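*Asks:* Here you go, sequence then predicted model.
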Amino acid sequence: MLNQIKINEKVFPLIIKIKPHSRRISLKVSRQKEIVITKPALLSFGVVEDFVEKNKDWLCRQLQKIESKKEIFIDREEFLKNKDDFFDLITDKVFYFSKILQVQPQKIKIRLGRSRWGSCSRKGILNFNFRLSKLSEEIIDYVVVHELCHLREFNHSKKFWDLVQSVMIDYSERRKKLKNYW
């Protein structure tokens, strides 16, 4: 059974997850550069090896994307020390853009997350990742507008993106900049 894979002369860990009710094989690359394969229980490992081999170019591109991203490290102490200042900044931005969008969030929270920059619950609670504090104001503004727009459109439909664009004409450039980090 495979437990690692060599791509461009580098060796990466390979994790195979078996899902009994799965109908197809899937492949993803984690932030830690682990290659994760999910497969149906009855699918042979030979098929898995073939699948990986056929998708090596895709894997190579995904690994390059991960390597090009800049990770923002924040320790717990820094978070606790500066959380209130960042909360004030976010609250001001939420207040400003809420008026433009004519929406009213129920609550704002600052978290130290690992995967999401922001989120909006159906109850109108906005969560923002403290790691945003290390990014430019234009990116912070984009995340605030994005989450506020979910108060009107709780999806990522064309209507949602049109709403984002109505407030921030250059949102797509800001979004691209944000994708360079995690």
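*Replies:* Ah, there it is. Numbers count the residues shown, from 1 in each chain.
*Asks:* State which strand of this protein is the longest.
*Replies:* Longest strand in the chain, counting residues (DSSP state E): strand 10-19.
*Asks:* Would you mark the buried spots in that one?
*Replies:* 12, 14, 16 (16 or more other CB atoms under 10 Å). The way it works is simple: take the backbone N, C-alpha and C, and place the C-beta from them, glycine included.
*Asks:* again with stretch 52-67
*Replies:* Applying 16+ other CB under 10 Å to stretch 52-67 flags 52, 59, 62, 63 as buried.
*Asks:* Filter these down to the ones in helices?
*Replies:* 52, 59, 62, 63 (DSSP state H).
*Asks:* Am I right that the third one is in contact with residue 29?
*Replies:* By that I understand residue 62. Yes: between residue 62 and residue 29 a contact is recorded at 4.2 Å, counting by CB atoms under 8 Å.
*Asks:* how close does the closest residue to residue 33 other than its chain neighbours get to residue 114?
*Replies:* Nearest residue to residue 33 in three dimensions, chain neighbours excluded: residue 12, at 5.5 Å (CB to CB, 6 or more residues apart in numbering). Using CB to CB, to the nearest Å, one gets 20 Å for the distance from residue 12 to residue 114.
*Asks:* List the buried residues for the helix ranked longest in the chain?
*Replies:* The longest helix of the chain (DSSP H) is helix 76-101. Neighbour-count burial for helix 76-101, counted by 16+ other CB under 10 Å, picks out 79, 86, 87, 89, 90, 91, 93, 94, 97, 98, 101.
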